[in-house]
Structure formats: structure tokens, C-alpha cells
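Student: what shape does this take:
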Amino acid sequence: MVRATAQRVRDLRRRQAADRRFGIHLLASVTVAACAAIPFGLLLVLIEGHWQPLRRLDAGAARQLNETALEHPAWTDTLRFLSDYVWDPLTLRTIVALLTVWLLFRRAWRLAAWSAVTATAGGLIGLLVKTVVERARPSLEDPVAHAPGFSFPSGHAMTATTSFAILLLVLLPMVPRALRTPCWCVAVVSVLGVGFTRIALGVHWFSDVVGGWLLGLAVVALTTWAFEAWRTDAGRGPTGLTEGLEPELTDAHPEPGPSSGRKQDDGSVREG
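Tutor: Residues are numbered from 1 along each chain as shown. Below is the predicted model of the structure:
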């Protein structure tokens, strides 16, 4: 009787600890979404209101980077190659699509759904905002590149933000811990690099790129919040960003079920 009571107390404490961790993770996701969405909304208001300091910043950055691009053709060719091929939205979306197919093959159904929804939502929301805002792209006297469509937010910047976030949060469990920090660094540098190439090539204003980053971050935060909620409903605890969204991806059975479970440090098995 005493042993059973002690076990129930331990179980209750574990559930309470799991609930606290879940609450912290959900609060963090919502906070990140708010921290991205609120500045994005403010930025949009400033753009629509033709706020002069922002217009001067956009114009100054476009002019100076255009002069640099004209003076260094080889540098400009490198930026164009990175923007049009390596970091092109089509390239990144294709990689995410292949990742989603692989997740389906691994029977990680919900992680595949998260990947597809995050990528699709990011693309559609970005297109919708572009259509509503209808901001014209920079018009330079001697442009080094051209791009169709409206300018705000930058589709390249937004796609890079959502795509690299998807790749990181899905694949981190497969990466050795010693290499996870370099992976984060590569992703951050790539996202920043995408934005820089679009401004340097004169096809986006500086504020377009910042808007793309913020909106992409908000989309990822919201879909991640939904995924964390599903994990708790499925009996799995929340994870940290350093572990990826689904650490169980390395298991034979990524989805929760009677055959799935993960060993804890003490050798016990936690049912998935």
C-alpha cells in the first residue's frame, strides 16, 4: 500500500513537471510569434504611411549597394548565382518537399504534415501580403538585376526563413550533438545571406527583407506551437530547439503507438 502510494506520488510529480515544461514551451512559441508578428505589423504600417526615415534607409541602402555591384561585376555575378540558384525559393521548396516525402517514407506522418503545412502556409501568406500591399520594387538608374511581382515582403527571405527552420527542426535528431551548433550557424548565415543578396542586387528594399524574415519566423513559431500541443496530446513531452521537433525520429517507430518508446537515462522506457 505504501509502495503504491509512493509510486502514485512520483507519477503525479512527473506529470506536473511535464505540464510545466509544456507550458513553458507553448509560452515561448507564442512569445516568438508575437515578437515577430508585432514588429512586422509595425513595419507594414510605417511602409504604408511612407515614413520618411524608413524611406531614406531603404533608398540609401539600395543606392550604395547598387554602386558597389556596378563597380565589382564578379561580386555581382556571385550574388546573382547564390540568389537565383543556391538560395532560390524553388530550390529550397524542392528540398523541403523531398524531406517531406522522406518523412512519409519513415512513417513520421505528423512531422511530414508539419513540414508541408509550414512551407505551404509561408508561401501562401507571403503571396497574400504581397498582393494586398502592392509595393513597387526599387527603380534604379542602372540596375544589375530584375525581378517580377511586388516587393513586400521578400519571398526569398521568407522562404529561406521557413525552409531552413524546417530542415533544422526536422533533421537535428539525426545530427551528432557536436555538429548541431555549426548547423544552426549555417542556417542563420544562409537566411541572412539570402536577404543581403536581394538588397545588393537591387530587387528588394531593406525593409522588404526584414519583413520577410519576421513573417517567416511568425509562421514557423505558430506551426511549432501547434506541433508541441500535439506532442502533449499524444503523451510525449515538449522538446528543446537543440533536439529538433521530434527526437523520436531516430527510432524504428517515430509515431506514438503501442510499439514505440524511448529509453530514459535510467534505463526505463517512456511510452510514446
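Student: what about the helices in the stretch 101-250 of the chain?
Tutor: If DSSP state H, counting those that start in this stretch is used as the criterion, the helices of the stretch 101-250 of the chain fall at 109-133, 155-171, 177-200, 206-233.
Student: got TSV for the ones you listed, with mean neighbour count and distance to Glu71 too?
Tutor: In this view, the C-beta of every residue, glycine as well, is placed from N, C-alpha and C. Below are the helices of the stretch 101-250 of the chain laid out as TSV (neighbours: other Cβ atoms under 10 Å; distance: least, Cβ to Cβ, whole Å):
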stretch	mean neighbour count	distance to Glu71
helix 109-133	18	31
helix 155-171	25	24
helix 177-200	17	12
helix 206-233	22	20
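Student: which one, of the ones you listed, ends up nearest to Leu103?
Tutor: Nearest to Leu103 among those is helix 109-133 (3.7 Å), distances taken as Cβ to Cβ.
Student: how about residues contacting the helix or strand where Trp75 lies?
Tutor: For Trp75, the element it lies in under DSSP states H and E is helix 73-81. For helix 73-81, the surrounding residues in contact (Cβ atoms under 8 Å, 6 or more residues apart in numbering) are Thr68, Ala69, Leu70, Val144, Ala145, Thr197, Ala200, Leu201.
Student: quick revisit: now distance to Ile38 too, for the helices of the stretch 101-250 of the chain, in a markdown table please.
Tutor: Formatted as a markdown table, those follow (distance: least, Cβ to Cβ, whole Å):
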| stretch | distance to Ile38 |
| --- | --- |
| helix 109-133 | 15 |
| helix 155-171 | 17 |
| helix 177-200 | 20 |
| helix 206-233 | 9 |
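Student: indicate which one of these is closest to Gly149.
Tutor: Nearest of those (Cβ to Cβ): helix 109-133, 6.5 Å.
Student: quick one: residues contacting the nearest residue to Gly212 once chain neighbours are set aside.
Tutor: Nearest non-adjacent residue to Gly212, counting by Cβ to Cβ, 6 or more residues apart in numbering: Ala157, 3.0 Å away. Counting by Cβ under 8 Å, 6+ apart, Ala157 touches Val191, Val194, Gly195, Arg198, His204, Asp208, Val209, Val210, Gly211, Gly212, Trp213, Gly216.
Student: hmm, Pro138 and the fifth one touching each other?
Tutor: Yes: between His204 and Pro138 a contact is recorded at 7.2 Å, counting by Cβ atoms under 8 Å.
Student: could you tell me which residues touch both of the two?
Tutor: With Cβ under 8 Å, 6+ apart, His204 and Pro138 have common neighbours Ser151.
Student: those two: which is more packed in?
Tutor: Taking other Cβ atoms under 10 Å, His204 and Pro138 do not tie; His204 has more neighbours (29 against 22).
Student: apart from its chain neighbours, what residue comes closest to the more buried one?
Tutor: Per Cβ to Cβ, 6+ apart, closest to His204 is Arg198, 4.1 Å.
Student: just Leu127 next, same as before
Tutor: Excluding the flanking residues, the one nearest Leu127 by Cβ to Cβ, 6+ apart is Gly155, at 7.6 Å.
Student: before we move on, what about Ala218?
Tutor: Using Cβ to Cβ, 6+ apart, the closest residue to Ala218 is Ala36 (3.9 Å).
Student: burial count for the one you found?
Tutor: Counted with other Cβ under 10 Å, Ala36 comes out at 21.
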